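Colleague: Next come a sequence and a model predicted from it.
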Amino acid sequence: MSLDIEHIIVHSLFLDEHGQTQLATRDEELATGPAVNDLMAELHHIYNVKAGKVFGYFNDEDDSFRDLVRRVEDQSLSFTHFSHQAAERLLAELKRLDMSEQGVLLFVRYQWLGAHYLLIALLDNKDSVTVNEKLEVNHASYLDLGKMQLAARLDLTELRIRPESKRYFSFIKGRAGRKVSDFFLNFLSCIEGMDPKAQSQGLLKAVDEFCEARQLSTQETLESKALVDKYCKEQLKEGEELELRELSAELGSDNDLDFYQFVSEEYQLEDKFPVDRSALKGLTKYVGSGGGLTISFDQKLLGERIQYDANTDTLVIQGLPPNLKSQLAK
């Protein structure tokens, strides 16, 4: 699958001697070549498979960044000047919130599978050492793509065709404990829209109730859930979204009842959405924690090796895992 880079430029956010974030800008776009192409191919793949992305859309009460996008799209503003103004907006937002950030700030417009995207990412620039072909040890810097601090991608095609959509923006959240809305959403004049985790949890509820509606046996229900789990994990592995029509075809139909029709009647699920990996556990496992106790087991074990008594609020487990038995024996 080819990725066509149309415009690409990088700038730098760095900390001065007072610990304040400053901006250094590049005057010209990067020339495409093997190194740039490899960078974007890896960055695109990492972004696609990254879990826990947030989706959003432009804030109607603040069209400042959207206006920049309009101008660069109608070519009344060059991509270089667009990136300069956008970088200045980001710097101003950081200073307004008294936040310190540094890294390589990348802007790229590219085409993939017939759709046009604008990707903005703040990348870590790490120092390391290398051994060259003369076996000399040298200092080197590299971009740590796997640990993107912040990144956002605007689906320009989706925005043009479906401006009412709530998901033409997607985001990767920053470091643990800090929300992207601290400054990145403000910088992009954006608010959160579709919630992939809520969609995935709604999917699990729909699968349960679909199996009940078809009056499937316990074994048939487990097999159906295993099909859904397999399909979702394959989509995650490929960095693709779940498509309800595809999933419906996987599950098949019974007496003119198919999954797509079933969810269309009662459930507020998008036709396509990214699967939340953590929610998938609920398809094939029972999971719970609290009071210092965490329990997780395959649903197929209930009624076999594991018995639940609702009256006494107890689980009886036959055949403990060997590593657990050895810990208990000590």
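Modeller: Done, it's in.

Colleague: Which strand residues bridge the closest residue to T314 other than its chain neighbours?
Modeller: Nearest residue to T314, sequence neighbours excluded (C-beta to C-beta, 6 or more residues apart in numbering): Y308, at 7.6 Å. Backbone N, C-alpha and C define where each C-beta goes, glycine included. Note on Y308: beta-bridge partners by DSSP bridges are L315.

Colleague: Mind listing what's buried along stretch 133-144?
Modeller: By 16 or more other C-beta atoms under 10 Å, the buried positions in stretch 133-144 come out as L143.

Colleague: For that stretch, give the mean pLDDT please.
Modeller: The predicted model gives stretch 133-144 an average pLDDT of 76.

Colleague: Start the count at 162 instead of 1 going forward.
Modeller: All set: I'll call the first residue 162, so the last point we hit is now stretch 294-305.

Colleague: Please enumerate residues in contact with it?
Modeller: Residues outside stretch 294-305 that contact it (C-beta atoms under 8 Å, 6 or more residues apart in numbering) are 200, 265, 284-293.

Colleague: Please give the number of neighbouring residues around K394.
Modeller: Neighbourhood size, K394 [other C-beta atoms under 10 Å]: 14.

Colleague: quick one on the thing from earlier: from the contacts of stretch 294-305, which ones fall inside helices?
Modeller: The helices, defined by DSSP state H, take in L200 from the contacts of stretch 294-305.

Colleague: Between the contacts of stretch 294-305, which sits nearest S173?
Modeller: Proximity of those to S173 (C-beta to C-beta) peaks at V265, which lies at 6.0 Å.

Colleague: before we move on, the earlier item: got the confidence number for the residue nearest to T475?
Modeller: At Y469, pLDDT is 90.

Colleague: likewise R257?
Modeller: We note a pLDDT of 88 for R257 in this prediction.

Colleague: try the one 5 residues further on
Modeller: Model confidence at E262, expressed as pLDDT, equals 84.

Colleague: Give me the secondary structure label for it.
Modeller: Under DSSP: H, G, I helix; E, B strand; the rest coil, E262 falls in the coil class.

Colleague: wait, doesn't it sit right on L283?
Modeller: Yes. Counting by C-beta atoms under 8 Å, L283 is a contact partner of E262 at 6.7 Å.

Colleague: check contacts around the closest residue to D390 other than its chain neighbours.
Modeller: Leaving aside its chain neighbours, D390 sits nearest to L444 (4.5 Å; criterion: C-beta to C-beta, 6+ apart). Applying C-beta under 8 Å, 6+ apart, one finds that L444 lies in contact with 365, 368, 386-387, 389-390, 393.

Colleague: Turn those into a markdown table, columns for neighbour count, distance to N220 and secondary structure.
Modeller: Formatted as a markdown table, the contacts of L444 follow (neighbours: other C-beta atoms under 10 Å; distance: C-beta to C-beta, whole Å; DSSP: H, G, I helix; E, B strand; the rest coil):
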| residue | neighbour count | distance to N220 | secondary structure |
| --- | --- | --- | --- |
| L365 | 16 | 31 | helix |
| V368 | 23 | 34 | helix |
| K386 | 22 | 39 | helix |
| A387 | 14 | 42 | helix |
| V389 | 24 | 35 | helix |
| D390 | 17 | 37 | helix |
| C393 | 20 | 32 | helix |
